[in-house]
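**Student:** Return a 3D structure for these sequence lines:
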Amino acid sequence: MELNYSAIVVASLVYFVLGAFWYSPVLFAKPWMKMLGFSGGPMTEDQKKGMMRGMFFGFISYIVMVGILDYYLYMLGVSNAASGAFHGLLMGLGFIATTGLASVLWEKRPLALYLINVTYPILGLAIAGAILGAW
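**Tutor:** Numbering: from 1, shown residues only. All right, here's what the predicted structure looks like:
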């Protein structure tokens with residue numbers, strides 16, 4: 001079995017761009033920052049470097065996640081966007097939604113924060129699955 005590296009990179013880029021949009025002021029930046037206690041003021045140079053580092057390693061994690069999704073879609077014989085999206089959604093619900101729930105149950109984080117934080121990767125996996133399945 002060979003991984004579809006082009007599809008993995010494209011799906012990872014789409015996943016990454018979705019995250020940039022998801023956590024932007026257009027969608028959820030303000031409530032997300034408020035629930036985490038961020039002021040929203042100007043960033044220091046250290047914060048900017050930390051953000052760039054986080055974005056880099058976040059993208060690497062998307063490549064790993066999407067690569068594993070590609071492997072499973074191949075093993076299941078998925079060859080269309082709808083099935084790919086369905087299986088990406090299942091992985092998101094099964095692994096992201098369940099493990100993310102610990103933040104609400106044990107860390108006493110707001111349910112709204114949980115929903116913002118888990119809906120993005122669930123949607124990202126569904127979109128990545130659609131791309132991989134169609135490719």
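
**Student:** quick one: Met52 from Met43, how far?
**Tutor:** Met52 sits 11 Å away from Met43, going by Cβ to Cβ, to the nearest Å. Every residue, glycine included, has its C-beta placed from N, CA and C.

**Student:** oh sorry, the question was meant for Trp32
**Tutor:** Distance of Trp32 to Met43, computed by Cβ to Cβ: 16 Å.

**Student:** who's more crowded, the two?
**Tutor:** Remark: of Trp32 and Met43, Trp32 carries more neighbours, 17 against 11, as counted by other Cβ atoms under 10 Å.

**Student:** What residues of the helix or strand where that one lies count as buried?
**Tutor:** Per DSSP states H and E, Trp32 falls inside helix 29-36. Under the neighbour-count criterion of 16 or more other Cβ atoms under 10 Å, helix 29-36 has 32, 35 buried.

**Student:** That helix - contacts with which helices or strands?
**Tutor:** Judged by 3 or more Cβ pairs under 8 Å, 6 or more residues apart in numbering; DSSP states H and E, helix 29-36 is in contact with helix 111-134.

**Student:** Sweet, I'm off.
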